[in-house]
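> quick one, fold the following:
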Amino acid sequence: MNWQDIFATRMDRMKASEIRELLKLLDQPDIISFAGGIPDPALFPTEAFQKALGNALSPENQSTALQYSVSEGYGPLRDWIVGKMTEIGVPCTRDNVLITSGSQQALDYLGKLMLSPNDTALLGWPTYLGALGAFNAYEPHYDRLIPGGNRSAEDYAQTAKDNGGRVKFAYMSVDFANPTGETLDQTARENILDLADDLDIAVIEDAAYQALRFDGDPIPPVLALEVARKGSIDACRTLYCGSFSKSLAPGLRVGWICGAADVISRLVLMKQASDLHSSTINQMAIAEVANTIFEEHTAKLRQTYTARRDAMLSALEAQMPDGVTWTKPEGGMFVWLTLPKHMDGGELLRQSLETQRVAFVPGQAFFADRSGKNTLRLSFSLADDAQIAEGITRLGAAIRAAL
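Residues are numbered from 1 along each chain as shown. As a prediction, this is how the structure comes out:
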């Protein structure tokens with residue numbers, strides 16, 4: 001049987017994740033990897049989760065932990081999220097929160113909810129590779145979102161119309177973005193809201209790294225800025241995607257969407273049709289750990305990752321040849337390198353693995369138009385200070401050899 005003949009056209013848009021392929025390199029002990037943007041497992045709050053999972057499986061709780069549950073999510077966890085959202089300027093209720101299987105599922109649901117074939121999504125250039133993967137299945141076009149740029153709403157709308165659809169949403173990671181590590185200032189966030197109002201589109205705010213701020217003053221989330229404008233979350237067009245993957249543990253796959261109750265109710269229907277509900281026992285464990293150690297644990301993460309970021313920035317300053325530039329993130333897990341224009345990050349990776357045994361992610365994968373060949377992403381979350389120093393030294397040698 002020729003399966004290709006019966007696959008949906010959307011399969012042509014679905015490609016293997018270059019990052020997922022690179023993660024296989026972690027099994028090779030001589031590789032120094034700056035590739036996967038993953039937490040350090042040595043920092044997982046293992047004892048807290050052992051206790052929480054034991055409590056979930058206690059005689060009084062096991063019938064809840066192991067049973068089907070409501071699609072909206074575990075009530076006590078939603079209550080914790082309501083409290084956290086309120087702290088950051090987004091007063092809301094349980095009706096404004098849906099628990100998802102990680103924020104990646106949230107992006108998939110939002111793409112499914114809003115994108116018809118040939119519609120347009122506005123994205124950063126570059127943007128999170130997982131967002132491209134989630135949205136690609138719904139066969140959209142992409143246009144470049146430039147906060148503070150001089151393109152008018154009318155120009156965006158006309159370009160989308162020429163492509164056979166309309167603009168549906170603007171997607172961005174505003175704090176310590178994956179892949180660049182950059183943060184949008186408040187003026188840029190306000191500009192995005194202005195553009196969204198003019199186009200009458202949604203805003204998807206990916207806040208996976210918000211708890212990992214090392215320096216500077218916190219900037220209100222886009223959703224908080226819009227609530228301040230409009231008075232109520234239910235009057236807002238911004239949909240906030242949160243995650244416990246970077247703050248507590250990615251393996252439990254727990255994230256959330258916070259937004260207008262009418263939109264959440266539609267997403268609940270999608271959840272019912274997709275997987276009924278996220279794992280109840282995982283939600284119970286996350287709820288207990290979040291309620292007991294979230295602030296203490298994220299402070300520990302920030303302390304460790306700050307030191308590793310500083311080690312990477314110092315090593316880059318010492319080892320990179322002229323013509324190479326990089327971002328200086330205030331938080332998160334990533335530094336973004338720009339190489340001289342004639343260089344190819346994919347070819348550099350091949351040479352680096354062969355001669356220096358250092359891995360990173362070529363930047364081209366993060367561009368919707370496959371530009372950005374002369375860029376690459378480095379993650380500082382997993383390597384210790386000694387590995388960072390050695391790995392950046394080797395990477396500098398690989399770059400000099402390729403110049």
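> my guess is residue 290 contacts residue 242. True?
No - Residue 290 is beyond contact range of residue 242, at 11.2 Å (criterion: Cβ atoms under 8 Å). Placement of C-beta: from N, CA and C, glycine included.
> residues near residue 116, how many?
Close neighbours of residue 116, defined as other Cβ atoms under 10 Å, add up to 12.
> quick revisit: looking at residue 290 and residue 242 now, which is surrounded by more residues?
residue 242 (26 against 23).
> who are the packing partners of the longest helix anywhere in the chain?
For the chain, the longest helix by residue count, based on DSSP state H, is helix 280-319. In terms of contacts (3 or more Cβ pairs under 8 Å, 6 or more residues apart in numbering; DSSP states H and E), helix 280-319 is packed against helix 46-56, helix 62-65, helix 75-87, strand 334-338, helix 385-402.
> dump those to JSON lines, plus mean neighbour count and distance to residue 127.
Output for those, formatted as JSON lines (neighbours: other Cβ atoms under 10 Å; distance: least, Cβ to Cβ, whole Å):
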{"stretch": "helix 46-56", "mean neighbour count": "16", "distance to residue 127": "32"}
{"stretch": "helix 62-65", "mean neighbour count": "14", "distance to residue 127": "37"}
{"stretch": "helix 75-87", "mean neighbour count": "18", "distance to residue 127": "24"}
{"stretch": "strand 334-338", "mean neighbour count": "22", "distance to residue 127": "12"}
{"stretch": "helix 385-402", "mean neighbour count": "18", "distance to residue 127": "24"}
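> for whatever helix or strand residue 350 lives in, which helices and strands make contact with it?
When elements are assigned from DSSP states H and E, residue 350 belongs to helix 345-355. Here helix 345-355 touches strand 358-359, strand 361-362, strand 375-379, helix 385-402, going by 3+ Cβ pairs under 8 Å, 6+ apart.
> need those in a markdown table (columns: distance to residue 304).
Shown next, in a markdown table, are the helices and strands packed on helix 345-355 (distance: least, Cβ to Cβ, whole Å):
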| stretch | distance to residue 304 |
| --- | --- |
| strand 358-359 | 21 |
| strand 361-362 | 22 |
| strand 375-379 | 14 |
| helix 385-402 | 10 |
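> ok, residue 346 - contacts?
Applying Cβ atoms under 8 Å, 6 or more residues apart in numbering, we find residue 346 in contact with 362, 364, 373.
> surely the first one touches residue 345?
Right, residue 362. Yes - if you go by Cβ under 8 Å, residue 362 and residue 345 touch, sitting 3.5 Å apart.
> now do the shared contacts for these two.
373, 375, 376.
> and of those, the nearest to residue 151?
residue 375 (22.7 Å; Cβ to Cβ).
> separation between the closest one and residue 386?
Separation of residue 375 from residue 386 (Cβ to Cβ, to the nearest Å) stands at 26 Å.
> okay, now the unreliable bits of the stretch 51-200 of the chain?
By pLDDT under 70, the stretch 51-200 of the chain has no low-scoring segment.
> now do the helices in it.
Counting by DSSP state H, counting those that start in this stretch, the stretch 51-200 of the chain has helices at residues 62-65, 75-87, 102-114, 129-136, 153-162, 186-199.
> if anything else comes up later, I'll come back, but that's it for now.
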